[in-house]
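Using only what follows, build the 3D model:
(2 chains)
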Amino acid sequence: MDGCRSGVPTYEGDLHVVAAAHHIVKALGATKNLSDDLRKILIDLDSHLSMITSNIDSKGGRGLVDVEERLDQAERKIMRWETDPMMIWDSGPKEASDYLEAVDETGKLVDGLRGLSVHENRKQKEILHRAMNIFQTAMSRLEEELIHILVRHGQQFEPKNMYSRSIRKDIVYDESFVSVEDEPTKETSSQNCSNDESGECIVDLVHADVIPDIKSIAKVMFTSNYGPEFCEAFISVQKEALEQYFSFLGTEYLSIEDVLKMEWTCLSSKMNKWTWSMKIIVRVYLASEKQLCDQVLGGLGSVSSYCFLEISKATILCLLNFGEAVAMGPHRPEKLLRLLDMYETLADLLRDIDTLFSEEAGSFIQLQFHELLERLGESAIAAFKAFRVAISSNGSLYPFAGGGVHPLNKYVMNYIRMFPEYWNTLNLLLKNQHPGVADQVTKPDYGPDTSLLTSCPMAYHLRSITSCLESNLHKKSQLYKDEALQHIFLMNNIHYLVQKVKGSELRLFFGDEWIRKHNAMFQQHAMNYERATWSSVVSFLKDNNPGSSSMSKSTFKERCKGFSIAFEEVYKTQTSWSIPDPQLREDLRISTSLKVVLAYRTFLGRNLAYTDDKCVKHTVEHVENSLLDLFGGSSRSLRNSRRW
Amino acid sequence: MTGTDQSSFLGRISIRRNQVNAMEGYHEQEIEDLELFQKQLSDRFAELLSAPDDGPTEAFLSISWIRKLVDVFLCCETECKAILLMERDAAQISKPPLDRLIPELLERVVKAMDICNAVTNGLELVRHCQKLAEIAVSALEQKPFGEGQARRAKKALVSLMSAMHVDDKESSVQKTAERSWSFGRRSGNKDRHHGHYRSLSWQVAKHWSASKQIHAMTMNLAAPRGPEASCLPAPVYILSLIIVFVMWVLIAAIPCQERSGLTTHLPINKHVNWTHSLASIHDKIGEEWKKKEKKGMAGLLYEMQKMEKLGQSLIEFTDSYQFPGEKEKLDEVAAQVAELAEVCRRMDEGLVPLQMLIREAFHRLVRNRTEFLDVLEQGGPVV
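From the prediction side, this is the model:
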């Protein structure tokens, strides 16, 4: 712009030329979509031309006096706020725009004076420095106003409006595998599903009304080369607001050492919280922050994404570090579901992250996310393996009292009942994992019409898990000395297994064939039980000579006695056994009844002649009724409770 | 310390282990490997020690020097792990005294991870300082220069100084955690806005202390003696010492949470050759730390020290500056500004890569720990 520096024009023609040029520059300046550089040039040119105009107007010497007057005016407007306890933007839009006008005027004067030849007189230099001084005061003030506006109009939003705490139909399954001897935790299906999970929700982190104010401050500061000051102030306030929000969510700063030492229940709730906070921070908070940055700083090149990165980096890294710590911790089976939650959350957020940090400087953050995702996946697989190992190696020294459903069985089945929820993720993670030795056992020989679900990787692994479980249960059944109780135990447990599969989405993965097979299995155990218990008892009632009409009285007495003793013995032991499932208990009683009562009735009927004898200790009805007491879980005795 | 050096070293170990399956001669080979490794270590630390105290490139404790140090750390880590784990099984590394030494090593590794994160946070503060210094430089470079620009520079420099002298004690972190924005000049404090960098994310965790971590890491860190000095306990000691040493240097150089009481003593065995240069570096930094600790400072990072000195001098200048200023003084200041600009340029070049490198070190430590645990748990050799 050296051409403009030609001093002060002296005749009318020049005045017209300058006025016309000024007009054109103004028109050009109003154009939208100008590049930053071009806009800057036009602004420079504009102030330059107005300076020339003022000089022409003033006919030589009067020019500086005029400039000084303008400066005095602007100075008054700017300096009066230095003693005013109020903030300008709080005082009203008029005050704010007046102030900005004064700043604009000062800026023009500075630029114009600077543009004039350096050989000008001392007076001119003095005015320039005074103007620059005033300008600095104004810029410093704008920075302060900016911080004030951001803080005063910063808005916190309630996370509850965004995502409910438990997005999936959740089960509080925080029990550690070691405590498997206890009852599994209650299931709370808090299905208060909220917003559409993928729904973008952007909130105003700063009240929408003040966005134009912030923009106007940004505009002035950036065109005056005070951009770095704007950025530092903006970043500082927004960064702190994010950290405050982070604490507001109840997320703590934890060292890796802390996480590694944490007890499971505590860790589990932290993992839960992480999943939740991560979603809110990335999908709501950061998305909103990004929008704010773009609104305020859009059109300034990479400034917006630079500020966004600086604001969010520390908090993001803190969240990632917790994930890293969890992933590197011991791979306990109970961690699996929480790990899968974290994995899914992260996988789900990757697209958001890639968009938020699409600029080159943000690739570092992107990379960290991808690394953590991989690590969580590995950790989940390790926990999955640990789960199976824990099932196979869960040993017992003593038989499980009563032959009911073993806690291990309950734990495992209730746990894997959750797996279908993680179907896609588990399939992805387990794709290249071989179930191992159990593979042969579980390979299904289904027909060609089996659904895809029964042959997906997760289905293989599920069946491999239950077959581990079954073989462990078989091992546990060997602890019973009584063969009949072994069968009761296996019947109960396999029945439970089947019920759990049938009663949940697991059935889709196990398939009808598996269910049929296992139904047959527990029925077989029921039959084996009957044979083991009742064959010998009923054998007393068997007619050795089907041809002859009746037996001798002494034989009858002996058989009767034998039967009573055996029956009482069975009654005493088997009332303490348990079949927790009422239907199964009922079925077994009926089928036992059919066998025993029928045999007894026939036996007594054949030997009607002796039935009035004292040797018939139990009537048919007594036997029938007594059978109802079996498998109640508490031992009773027929001899003691004799009210027959 | 080039990449080829390292790969040839690793190749050597691997080939060796494969060839010498038979037990005879195995131990001798191991001793030889260990000696070669120590020789390389010695060279690397000697090179680090030879860095000039001052100068345009790679000054002692400069960003580029620290990057080199972390590079050395990464190389050592890989090689040490190779010596310890390659072609071995759990039985070899789980018998006494290794059954104690390896878990202790892994505990140090975990602490080192937290330190890496603390330092990453600290580098954010350094970057913040860089930005403020850049503002000062651009103000001071303005032509024509006047009081307005002097005030602009001063404002940035005062913020810079206060950011630098951030008190790394936790109490102050918590104090500022309560919102400090209700301020302002309106409540009489004109120069408030600095210091707001002492934010929450500065923390690793509540009550976490870098100096305590170092202290804990040095516990039980003793050089193996007698026959142990030439077999497996030796690389465990070397790796432990290097981890502690490098973390100690990072803490001394880069601001991070709670450094007061940072020990200046590390249990370095000075009776073996390879530690000579390392011990000298340690002494040199230890001395420097003792001198500066009292003042409460941003750390020994060369660029920060330089920035502090220049910043102070430039604040004095801007304080007393009156238009138009003396020519002589202005020339002197111009030189300082150029120097500060150069420091900013080096920070601009080096800080982000350093931050990434430290993150890489973090990830390396994570993997390293996993590998050790895998060998210990599964009992299988590392392939």
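
shaky segments in chain B?
By pLDDT under 70, the low-scoring segments of chain B are B:1-8, B:13-26, B:166-201, B:294-297, B:378-383.

Do you have the helices of it handy? List them.
B:3-19, B:26-49, B:63-85, B:90-93, B:98-140, B:147-164, B:170-177, B:210-218, B:233-253, B:275-293, B:302-320, B:327-378 (DSSP state H).

and the angle for the second one with helix B:275-293?
Between the direction of helix B:26-49 and that of helix B:275-293, the angle (axes from the mean of the first three to the mean of the last three CA atoms, to 10 degrees) works out to 40 degrees.

If you count contacts, what does helix B:26-49 end up packed against?
Contact analysis of helix B:26-49 by 3 or more CB pairs under 8 Å, 6 or more residues apart in numbering or on different chains; DSSP states H and E lists helix B:3-19, helix B:63-85, helix B:233-253, helix B:275-293 as its packing neighbours. For the C-beta atoms, the positions are set from N, CA and C on the backbone; glycine is no exception.

can I get those in TSV with mean neighbour count?
Formatted as TSV, the helices and strands packed on helix B:26-49 follow (neighbours: other CB atoms under 10 Å in any protein chain shown):
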stretch	mean neighbour count
helix B:3-19	13
helix B:63-85	21
helix B:233-253	24
helix B:275-293	17
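
Quick one: closest of the helices of chain B to residue A:96.
Distances from residue A:96 to each of the helices of chain B were compared using CB to CB; the shortest belongs to helix B:147-164, at 22.3 Å.

Run the angle between that closest one and helix B:98-140 for me.
Going by the same axes, to 10 degrees, helix B:147-164 makes 170 degrees with helix B:98-140.

what angle separates helix B:147-164 from helix B:327-378?
Relative orientation of helix B:147-164 and helix B:327-378, computed by the same axes, to 10 degrees: 30 degrees.

what packs against helix B:147-164?
Helices and strands touching helix B:147-164, as assessed by 3+ CB pairs under 8 Å, 6+ apart, comprise helix A:122-152, helix B:98-140, helix B:302-320.

Kindly recompute the last result at 10 Å.
Helix B:147-164 makes packing contacts with helix A:122-152, helix A:227-248, helix B:98-140, helix B:302-320, helix B:327-378 when contacts are defined by 3 or more CB pairs under 10 Å, 6 or more residues apart in numbering or on different chains; DSSP states H and E.

Need those in JSON lines (columns: distance to residue B:272 and mean neighbour count).
Converted to JSON lines, the helices and strands packed on helix B:147-164 look like this (distance: least, CB to CB, whole Å; neighbours: other CB atoms under 10 Å in any protein chain shown):
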{"stretch": "helix A:122-152", "distance to residue B:272": "57", "mean neighbour count": "21"}
{"stretch": "helix A:227-248", "distance to residue B:272": "47", "mean neighbour count": "21"}
{"stretch": "helix B:98-140", "distance to residue B:272": "17", "mean neighbour count": "23"}
{"stretch": "helix B:302-320", "distance to residue B:272": "29", "mean neighbour count": "20"}
{"stretch": "helix B:327-378", "distance to residue B:272": "23", "mean neighbour count": "17"}
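
I'd say residue B:263 and residue B:289 touch.
Yes: contact criterion CB atoms under 10 Å: residue B:263 and residue B:289 qualify, at 9.5 Å.

Which helix or strand lies directly C-terminal to the helix-or-strand element of chain A with minimal mean pLDDT?
Sorting the helices and strands of chain A by mean pLDDT, DSSP states H and E puts helix A:438-442 at the bottom, at a mean of 44. Toward the C-terminus, helix A:438-442 is succeeded by helix A:457-477 as the next helix or strand (DSSP states H and E).

What's the first helix or strand after that following helix?
Once the chain leaves helix A:457-477, the following helix or strand, as judged by DSSP H and E, is helix A:483-502.

What residues of stretch A:389-404 count as buried?
By neighbour count on 16 or more other CB atoms under 10 Å in any protein chain shown, the buried set for stretch A:389-404 is A:390-392, A:394, A:399-400, A:402-404.

Okay, now it: how far is its last residue from its first?
By CA to CA, to the nearest Å, the extent of stretch A:389-404 from end to end equals 23 Å.

quick one: low-confidence parts of the stretch 101-250 of chain A?
Along the stretch 101-250 of chain A, segments meeting pLDDT under 70 span A:117-120, A:160-200.

Not counting sequence-adjacent ones, nearest residue to the residue nearest to the spatial centre of chain B?
Nearest residue to the geometric centre of chain B (CA atoms, centre = their mean): residue B:250, 1.9 Å. Using CB to CB, 6 or more residues apart in numbering or on different chains and skipping the chain neighbours, the partner closest in space to residue B:250 is residue B:119 (4.8 Å).

among the buried residues of stretch A:389-404, which are in helices?
Cross-referencing the buried residues of stretch A:389-404 with the helices (criterion: DSSP H) gives A:390-392 as the overlap.

tell me the centre residue of chain A?
The C-alpha lying nearest the average C-alpha coordinate of chain A belongs to residue A:275 (CA atoms, centre = their mean; 3.3 Å).

What separation do you get for that residue and residue A:326?
According to CB to CB, to the nearest Å, residue A:275 and residue A:326 sit 11 Å apart.

overlap in contacts of the two?
Both residue A:275 and residue A:326 are in contact with A:338, A:342, where contact means CB atoms under 10 Å, 6 or more residues apart in numbering or on different chains.

looking just at contacts, which helices and strands does the longest helix seen in chain A meet?
Longest helix of chain A, by residue count under DSSP H: helix A:506-539. The criterion is 3+ CB pairs under 10 Å, 6+ apart, and the helices and strands that helix A:506-539 contacts are helix A:407-416, helix A:457-477, helix A:483-502, helix A:553-574, helix A:582-606.

how about the ones you listed, which one is nearest chain B?
Chain B lies closest, by CB to the nearest CB, to one member of the helices and strands packed on helix A:506-539: helix A:457-477, at 18.7 Å.

neighbours around the closest residue to residue A:494 other than its chain neighbours, how many?
Excluding its sequence neighbours, the residue lying closest to residue A:494 (CB to CB, 6+ apart) is residue A:522, at 4.1 Å. The tally of other residues near residue A:522 (other CB atoms under 10 Å in any protein chain shown) stands at 21.

is it true that residue A:522 touches residue A:515?
No: judged on CB under 10 Å, residue A:522 makes no contact with residue A:515 at a distance of 11.1 Å.

who touches both of the two?
Common neighbours of residue A:522 and residue A:515 (criterion: CB under 10 Å, 6+ apart): A:497-498.

who touches residue A:533 in this structure?
Shown here is residue A:533, whose contacts under the criterion CB under 10 Å, 6+ apart are A:482-485, A:487-488, A:566, A:570, A:573-574, A:592, A:596, A:630.

how close does it sit to chain B?
Taking CB to the nearest CB, to the nearest Å as the measure, residue A:533 and chain B are separated by 46 Å.
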